[in-house]
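Asker: Pasting the sequence and the predicted model now:
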Amino acid sequence: MNDSLLVLGVLAAAAAGLWAWRRFHPVSFWYGVGFPARAVLVYLTWHHVASGCKLTRNRRRFRLTLDAIPVVGPASRSAATVVEHKRRVRRVDVERSPRLGILRPTRLGWRMRLRLHDGQVPADYEKAAEGIAHAWRVHSVRVVDVRPGRVTLWATMRDPLVEVITAPETGELLTVRPGKLENGRDWVIDFRAVPHWLNVGATQSGKSNMANALLKGLAPQPVALVGFDLKGGVEFTPYAPRLSALATTRKESVDLLVDLVGEVENRMAVCRAHGARNVWTLPEDLRPMPIVVLVDEVAELFLMADKSEKDEVAKTATALLRVAQLGRAFAVYLVVCGQRVGSDLGPGVTALRAQLSGRVCHHVNDPETANMALGDLDPAALDAARAIPAETPGVCIVAGQDGSWHRARSVYVPEHEAEQAARDYAHLTPDWESLVGSAPVVRPAA
C-alpha cells in the first residue's frame, strides 16, 4: 500500500512539474519535451501518412522466399503427404514512402527535408500539405526551400498570427517592421532591398492599417514622404505635418508626378557626372534625401469618366511608370495601394505592376485583384490569398522579389497613433520646393 502511494505521489509530482514547466517556460518545454515526442510520432507514422496522402511509390524488388511444395510418397498414394521447402527468388512490389530526413525544431514547430521519388514534383506535396497537417494534428504544413530532388516541409503547431505585437524598429534607414510572419519572425520591409510595393485589399481588410504602420515607422527617419490621396485627402490629410507634398486631385497628381520625374532626372544627372551607378555610391555630402511615395486608391489615377480625361490619365500613368522604372537607383520608392487593381484599368496598370516587385495581398472581393497582385509570382501564394477570411483583418500574403511568399499580419496601428507620429516628427519634414530645387550643381568627376 505504501509503495502504491509512493508511486502515485511521484507521478503526481512529475505531472505537476511538467505542467508548471509548460506553463512558465513554454519555449524550453517545447525543445525539451514537446518536440522530441512529436519527432517520435512523425517517424513512426510517416509511412502511413505518406501512403494516405498518395506520396508513396511501388518499387519492384527481388526477394528470397521459402515455398512449401507437397510431395506424394512413391510407395503408396494413401501415404501421408510430405512437404518439401525450396528457396526461390521472386519479384514483388514494395510500397516505399519518401525518404525522411532529420527533423529540425523551430520555436513554432519543425522543419524536415524529404527526397522526392522519381517523377514527383513539389506541387504533389503542396496538394498533400493539408492532409499531412490533419494527420499530425498541427496548424499547417507548408512546402518551403525547394531544391532539385528535395523539398522541405515546415510544420507549425499553432497560428502565430492570432495576436501580433510588433518588435522595436531596427533604426536602419528605409527599414520598417510592420508586423509578423507566419514563421514567427518579424516582417521587415527594407526599401533598399525591395524598393516598390503593391498593397491591395478590400475595405476593412487591413490595407489602410499597413499604410499607418509604414508611416509610423518611417516618420522618425530622415526621409521625405509624399502622398497621393484621390479620396479627396481624407486618408492622408491627418498626416500632413509629416508629408512634404500631398495631391488630392488628378490635376494635383499630374503636377506632383512631373516634379517627381524631374527630381529623378536631376539625381540621374548628378550620378552620371560623378561616375556613380546610384545615389548610394555618391559622396555623402552629395547624396540626396530618400523619397517614399504613398499612393492610395491607385485605380482613381486610371479611371476615365469620358474621353476628355484620356490625355490626363495617359500623362499620369506614364509619369508614375517612369518613377517606378527609374526610382530605385535614385532613392525614390513607391507604395501603391488599392481596393481593386485589375487589367481592365488599362495597360498602364499591368506595366506598373511589373515594376512593383514587393506584393502584399489582403482579403479581396474580386479574384482579378488577387491575380494582379500574386498571379505572376506563385500559384500557391494566389490560392493562399483567396483563402484569407474576411474576419481576420491585417492577415495577408507577402511576396518579395526573390519569389518566396509568407502569410503575415500587420500590427494594429490606430489612426491616432499614426497622426501623433506625424506631429511628433513634423520637424523632420523637408520643404518640397526646396527639396526638388536643391539638387547640387553638377560638376564632372575629376
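Answerer: Cool, got the structure.
Asker: what residue ranges in this structure score low on pLDDT?
Answerer: In the predicted model, the chain carries pLDDT under 70 at residues 1-3, 59-94, 166-170, 305, 308, 401-403, 437-446.
Asker: Can you spell out the domain ranges of it, please?
Answerer: 34-55+94-158, 175-436 (automatic domain parsing).
Asker: out of the ones you listed, nearest to Ala12?
Answerer: Across these, Ala12 has its closest neighbour in domain 34-55+94-158 (20.2 Å, Cβ to Cβ). All C-beta spots, glycine's among them, are computed from the backbone N, C-alpha and C.
Asker: quick one: that closest one to chain centroid distance?
Answerer: 21 Å (Cα atoms, centre = their mean, to the nearest Å).
Asker: picking that back up, closest one to Val164 among the domains of the chain?
Answerer: domain 175-436 (4.7 Å).
Asker: Would you mind finding the most buried of the domains of the chain?
Answerer: domain 175-436 (a mean of 19; mean count of other Cβ atoms under 10 Å).
Asker: what's the span of it, first residue to last?
Answerer: 23 Å (Cα to Cα, to the nearest Å).
Asker: what are the ranges of the helices in the stretch 51-200 of the chain?
Answerer: Here the stretch 51-200 of the chain has its helices, by DSSP state H, counting those that start in this stretch, at 122-136.
Asker: And the strands in it, which stretches?
Answerer: 57-71, 82-96, 99-100, 104-105, 109-115, 140-147, 150-156, 175-181, 186-190, 196-200 (DSSP state E, counting those that start in this stretch).
Asker: Check which helices and strands the fifth one is in contact with.
Answerer: So the one you mean is strand 109-115. helix 35-52, strand 99-100, strand 104-105, strand 150-156 (3 or more Cβ pairs under 8 Å, 6 or more residues apart in numbering; DSSP states H and E).
Asker: ok so, going back, how about the domains of the chain in CSV, adding distance to Leu11?
Answerer: Compiled in CSV, the domains of the chain are given as follows (distance: least, Cβ to Cβ, whole Å):
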stretch, distance to Leu11
domain 34-55+94-158, 17
domain 175-436, 34
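Asker: Can you verify my assumption that Trp30 contacts Thr106?
Answerer: No. The pair Trp30 / Thr106 is not scored as a contact, 9.4 Å apart, by Cβ atoms under 8 Å.
Asker: Can you say which of the helices and strands packed on strand 109-115 is nearest to Ala128?
Answerer: For the helices and strands packed on strand 109-115, proximity to Ala128 was assessed by Cβ to Cβ; helix 35-52 is nearest, at 8.4 Å.
Asker: Tell me what angle the closest one forms with helix 122-136.
Answerer: 120 degrees (axes from the mean of the first three to the mean of the last three Cα atoms, to 10 degrees).
Asker: ok, back up a step: of all the helices and strands packed on strand 109-115, which one is nearest Ala129?
Answerer: strand 150-156 (7.5 Å).
Asker: So what are the sheet partners of that closest one and their directions?
Answerer: Note on strand 150-156: by DSSP bridges, its sheet partners are strand 109-115 (antiparallel), strand 140-147 (antiparallel).
Asker: wait, which of these is closest to Gln355?
Answerer: Among the strands paired with strand 150-156, the nearest to Gln355 by Cβ to Cβ is strand 140-147 (26.3 Å).
Asker: residues in contact with the closest one?
Answerer: 111, 113, 122, 125-126, 129-130, 132-133, 151-156, 159, 182, 380, 404 (Cβ atoms under 8 Å, 6 or more residues apart in numbering).
Asker: run the last query once more with 7 Å
Answerer: The contact list for strand 140-147 (Cβ atoms under 7 Å, 6 or more residues apart in numbering) reads Pro122, Tyr125, Glu126, Ala129, Ile132, Ala133, Val151, Thr152, Leu153, Trp154, Ala155, Thr156.
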